[in-house]
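Trainee: Sequence first, then the predicted structure:
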Amino acid sequence: MDIQNKICLLTGPTSGIGKAAAEKFAGAGCNLILVARNRHRVEKLADELIRKTGNEKIKLFTADFSSIKEIKELSDLIHSAYSRIDVLINNAGAYFSKFHKTVDGIEASFQVNYLSRFLVTNLFLDLLLKSVSGRIINVSGQHYRKGKFDILVRENNNYTGMMGARRAKFADMVFVFELARRLEGTNVTINAVHPGSVSTCIVNNDPDATVNMKLLYSLCRPFLRGAHKAAEDLYYIAFSEKLDNITGKYFYKDRFKEPLASVYNRETALKLWDLSEELTDYRNTLFKNNKLIME
Ligand SMILES: NC(=O)c1ccc[n+]([C@@H]2O[C@H](COP(=O)([O-])OP(=O)(O)OC[C@H]3O[C@@H](n4cnc5c(N)ncnc54)[C@H](OP(=O)(O)O)[C@@H]3O)[C@@H](O)[C@H]2O)c1
């Protein structure tokens, strides 16, 4: 595979799994599009990547994934700079132990961990379809297992951090399998990966993490997986020729794992899709009657 000509868009590159992935992909010589919410942090990262890898094919964009408007603006900027994307890695994510509403009035975990991915993926699908072989990878987890579909994403409803994470990750998984169905027969694949329990900044990044939560996490860190290992899995899923045309799969690290049957439920998927279009005020004209319009 001609990795040096691949154009890869990575979200959430400024810490944890995303940062390790940015290093891995830059080291391999890819053209990298890094999308982060913090300009200063991503500029610092790019300097570090260029110094370490010598790869200067790195472009930076900023968007906060808790804002639908910022994602739509990001799409305009990227469409004016690129005519193709080969790999999209939906990695950005956050844990919110308390209930927060975004500027769009939506519960923050649902918006940052799922809805933003729905929007980013749909907005960039035209560019992925221009690739000889486009790959979308959603960094998922296992919280989806106890999640369920819920339309009440503007309301508190006895919110807990775990409830928010489960609902968002469940939606993300259902979306992955629905999009895989819609993209059948095209050159674009989509898969989800659970990276295992990885030592990252996810707890420190929680705006409401208590001192006890941070302490507990720091005690667990030595037993967690290194982020560079998760980055190697992402690299494998992004580029391995063994995975050509493999779509609609759930990986645990670099192996296939059968997800719970609930994520394949079509009725849930269609309801979620409708809700996501309504919340983002975006309807992808590439689809008609829940199918991709093939030219
Ligand atoms: N760590 C694990 O054990 C584990 C397990 C399963 C799944 N995951 C998933 O792995 C992904 C990466 O998480 P991580 O563990 O590497 O966490 P992390 O170290 O906290 O990294 C999260 C990344 O997402 C970015 N981000 C957070 N909120 C954002 C927003 N509103 N807009 C744009 N970017 C935002 C962060 O940017 P800043 O640097 O600006 O904060 C950071 O770059 C997440 O989707 C997470 O759910 C992690």
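Mentor: Received the coordinates, thanks. This is a predicted model, so every value here is computed, not measured. Residues are numbered from 1 along each chain as shown.
Trainee: Excluding sequence neighbours, find me the nearest residue to the residue in the stretch 51-200 of the chain that the ligand sits nearest to.
Mentor: Nearest residue of the stretch 51-200 of the chain to the ligand (CB to the nearest ligand atom) works out as residue 93 at 2.3 Å. All C-beta spots, glycine's among them, are computed from the backbone N, C-alpha and C. Spatial nearest neighbour of residue 93, excluding adjacent residues (CB to CB, 6 or more residues apart in numbering): residue 113 at 4.8 Å.
Trainee: again, but for residue 176
Mentor: Closest residue to residue 176 apart from its sequence neighbours, by CB to CB, 6+ apart: residue 192 at 4.5 Å.
Trainee: what about the one you found, is that helix, strand or coil?
Mentor: Put simply, residue 192 is strand when judged by DSSP: H, G, I helix; E, B strand; the rest coil.
Trainee: Likewise for residue 70?
Mentor: Following three-state DSSP, residue 70 is assigned to helix.
Trainee: burial count for it?
Mentor: Using other CB atoms under 10 Å, residue 70 has 16 other residues around it.
Trainee: my guess is it meets residue 63, correct?
Mentor: Yes - the pair residue 70 / residue 63 is scored as a contact, 4.3 Å apart, by CB atoms under 8 Å.
Trainee: follow-up on the earlier one: pLDDT wise, what is the residue nearest to residue 93 at?
Mentor: Residue 113 is assigned a predicted lDDT (pLDDT) of 98.
Trainee: Next: residue 272.
Mentor: Looking at residue 272, its pLDDT stands at 98.
Trainee: And what about the residue nearest to residue 93, helix, strand or coil?
Mentor: Quick answer, by three-state DSSP: residue 113 is helix.
Trainee: and stretch 231-248, what's its mean pLDDT?
Mentor: Stretch 231-248 carries an average pLDDT of 97.
Trainee: That stretch: end-to-end distance?
Mentor: Taking CA to CA, to the nearest Å, the first and last residues of stretch 231-248 lie 20 Å apart.
Trainee: now check it, is it near the ligand?
Mentor: No - judged by CB under 6 Å from any ligand atom, stretch 231-248 stays clear of the ligand, getting no closer than 9.8 Å.
Trainee: I'd guessed the residue of the stretch 51-200 of the chain closest to the ligand sits against residue 112; true?
Mentor: Yes - between residue 93 and residue 112 a contact is recorded at 6.5 Å, counting by CB under 8 Å.
Trainee: Neighbours of the nearest residue to residue 156 once chain neighbours are set aside, how many?
Mentor: Spatial nearest neighbour of residue 156, chain neighbours left out: residue 99 (4.9 Å); criterion: CB to CB, 6+ apart. For residue 99, the neighbour count with other CB under 10 Å is 18.
Trainee: Could you tell me which residues make contact with the most centrally placed residue in the chain?
Mentor: Of all residues in the chain, the one closest to the mean position by CA atoms, centre = their mean is residue 90, 1.8 Å from it. Shown in contact with residue 90 (CB atoms under 8 Å, 6 or more residues apart in numbering): 11, 117, 120-121, 136-139, 172.
Trainee: Quick one: residues contacting residue 280.
Mentor: 68, 115, 118-119.
Trainee: no no, residue 207
Mentor: Residues near residue 207 by CB under 8 Å, 6+ apart: 96, 98, 100.
Trainee: Can you lay out those as TSV showing distance to residue 46?
Mentor: Shown next, in TSV, are the contacts of residue 207 (distance: CB to CB, whole Å):
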residue	distance to residue 46
96	28
98	33
100	29
